[in-house]
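>>> My questions are about this predicted structure, shown below with the sequence.
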Amino acid sequence: MKCSICGCNQVKEIYNGELKTGLLTGWTSKKYSVFQCEKCKTEWNEAYKDLDIDAFYESAEYRTRIENDISPEAYCAKYDKEVLDKLSMTGTGIFRNRTVADIGCGGGSFIDFIKGVAAKTIAIEPSEIYREGLRKKGHTVFAYAENALDEFAESVDVITSFDVIEHVESPYKFIEDAYKLCTKGGQIIIGTPTDYPVLRKMLGEVFDRFIFQVQHPWVLSDEAMLLMAQKAGFKNVRIEYKQKYGLGNLLSWLLDSTPRGDIKYDFIEESVNEAYKKSMSKKDLCEYIILYAEK
Ligand SMILES: [Zn+2]
């Protein structure tokens, strides 16, 4: 077996077992292997080969698996509070009077905020439930980036995408489509979770049962993201490392062996929490990587 990201054939199996099927429901009945490339450190499973991945993401079933309520209103109620965190990754100085596309925008929390300053907003989202609402809010809407190429090839100034590339069948095609959409001088900002190395180290197999999921065929490394962006033709390619969850999340995992989100404890002062996040925002420790690149 070969790593499809870097071409290396030193691939090892790092997990064999059931894969999580959603944030709310259980695990696959079948066992799957998770592989890791020893060179670029990309991890992947191939459960998507057992399902039609496009139809899966377009379906209400998928959204129901990860959300209790699949209405656009419920999406925004849940994700609007994450917009500030995303703006901390993008900055606020790059959107005014620009054409901006958000790939895998869900119900539109982030792109809705960008619409206030951008010249044009392109909302790319496979789920039809959300596309209808996105159209009503005035975005130009497509199901997939490749569908936007006829109209917007070489003409998008800023492309953002958060927590999406790990879901797709081909991460390289994802980056390639972004390159085709980008205007010369345009930029991409693409964020994806890591394999949560500290939680994996602390919790071992308990955490592996949560991290390896049907809907995340990929855990992409910093090296993988850099390689793909360079191969697609991007320049000024760089990665930033980010810790999203605080110390309370780590403690609650250790206590309950289950995800409880970014919970707070009275005895953890915010200054301590911020210091923890800062010390964790490093290569090989952090929970999130962000690829920045220019065309
Ligand atoms: Zn590789």
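Cool, the structure landed.
>>> what residues does the stretch 101-250 of the chain put near the ion?
Within the stretch 101-250 of the chain, no position is near the ion by CB under 5 Å from the ion. All C-beta spots, glycine's among them, are computed from the backbone N, C-alpha and C.
>>> rerun at 8 Å
223-224, 227 (CB under 8 Å from the ion).
>>> Neighbours of the spatially closest residue to residue 138 that is not a sequence neighbour, how many?
Excluding the flanking residues, the one nearest residue 138 by CB to CB, 6 or more residues apart in numbering is residue 115, at 6.7 Å. For residue 115, the neighbour count with other CB atoms under 10 Å is 17.
>>> which other residues reach stretch 137-157?
Residues outside stretch 137-157 that contact it (CB atoms under 8 Å, 6 or more residues apart in numbering) are 54, 58, 94, 98-101, 103, 108, 111-112, 115, 120-126, 128, 131, 134-135, 174, 177-178, 180-187.
>>> tell me which residues of stretch 95-107 are tucked away?
By neighbour count on 16 or more other CB atoms under 10 Å, the buried set for stretch 95-107 is 95, 98-107.
>>> Residue 263: which of those residues is nearest?
Set against residue 263, the nearest of the buried residues of stretch 95-107 by CB to CB is residue 106 (23.2 Å).
>>> Return the residues in contact with residue 95.
Residue 95 makes contact with 114, 117-118, 158, according to CB under 8 Å, 6+ apart.
>>> go on, residue 289?
Per CB under 8 Å, 6+ apart, neighbours of residue 289: 191-192, 194, 220-222, 225, 239-242.
>>> For this protein, which residue occupies the most central location?
residue 163 (1.5 Å; CA atoms, centre = their mean).
>>> any idea of the mean pLDDT in stretch 75-89?
The average pLDDT for stretch 75-89 rounds to 94.
>>> could I have it exported to PDB, CA atoms only?
What follows is stretch 75-89, C-alpha atoms only, in PDB (Å, rounded to 0.1, in the frame of the first residue of the first chain):
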ATOM      1  CA  TYR A  75     -26.700  25.200  12.600                       C
ATOM      2  CA  CYS A  76     -26.100  28.900  13.100                       C
ATOM      3  CA  ALA A  77     -27.200  28.800  16.800                       C
ATOM      4  CA  LYS A  78     -24.600  26.100  17.300                       C
ATOM      5  CA  TYR A  79     -21.700  27.500  15.200                       C
ATOM      6  CA  ASP A  80     -22.000  31.300  15.200                       C
ATOM      7  CA  LYS A  81     -20.000  31.400  18.400                       C
ATOM      8  CA  GLU A  82     -17.100  29.700  16.500                       C
ATOM      9  CA  VAL A  83     -16.900  32.600  14.000                       C
ATOM     10  CA  LEU A  84     -14.600  34.700  16.300                       C
ATOM     11  CA  ASP A  85     -12.200  31.700  16.500                       C
ATOM     12  CA  LYS A  86     -12.200  31.400  12.700                       C
ATOM     13  CA  LEU A  87     -11.600  35.200  12.300                       C
ATOM     14  CA  SER A  88      -8.600  34.800  14.600                       C
ATOM     15  CA  MET A  89      -7.200  32.400  12.000                       C
END
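>>> Outside of that stretch itself, list whatever touches it.
So stretch 75-89 is contacted by 67, 106-110, 112-113, 130, 160, 162, 189, 191, 240, 242, 244, 290 (CB under 8 Å, 6+ apart).
>>> Just the buried subset of the residues you listed, please.
Counted by 16+ other CB under 10 Å, the contacts of stretch 75-89 give 67, 106-110, 112-113, 130, 160, 162, 189, 191, 242, 244, 290 as buried.
>>> Which two of those residues have the greatest separation?
Checking these with CB to CB, the most distant pair is 130 and 242, at 25.5 Å.
>>> Isn't residue 159 up against residue 188?
Yes: using CB atoms under 8 Å, residue 159 makes contact with residue 188 at a distance of 4.6 Å.
>>> residues of stretch 9-27 that come out buried?
Within stretch 9-27, the residues that qualify as buried are 11, 15, 18-22, 27, counting by 16+ other CB under 10 Å.
>>> Wasn't residue 275 part of a helix?
Yes: according to DSSP: H, G, I helix; E, B strand; the rest coil, the state of residue 275 is that of a helix.
>>> Tell me how far it lies from residue 89.
As defined by CB to CB, to the nearest Å, residue 275 lies at a distance of 20 Å from residue 89.
>>> With residue 124 instead?
As judged by CB to CB, residue 124 and residue 89 stand 18 Å apart.
>>> Show me the helices in the stretch 151-295 of the chain, by range?
All helices of the stretch 151-295 of the chain, identified by DSSP state H, counting those that start in this stretch, fall at 171-181, 197-203, 205-211, 222-232, 247-256, 270-280.
>>> Fine by me, we can end here.
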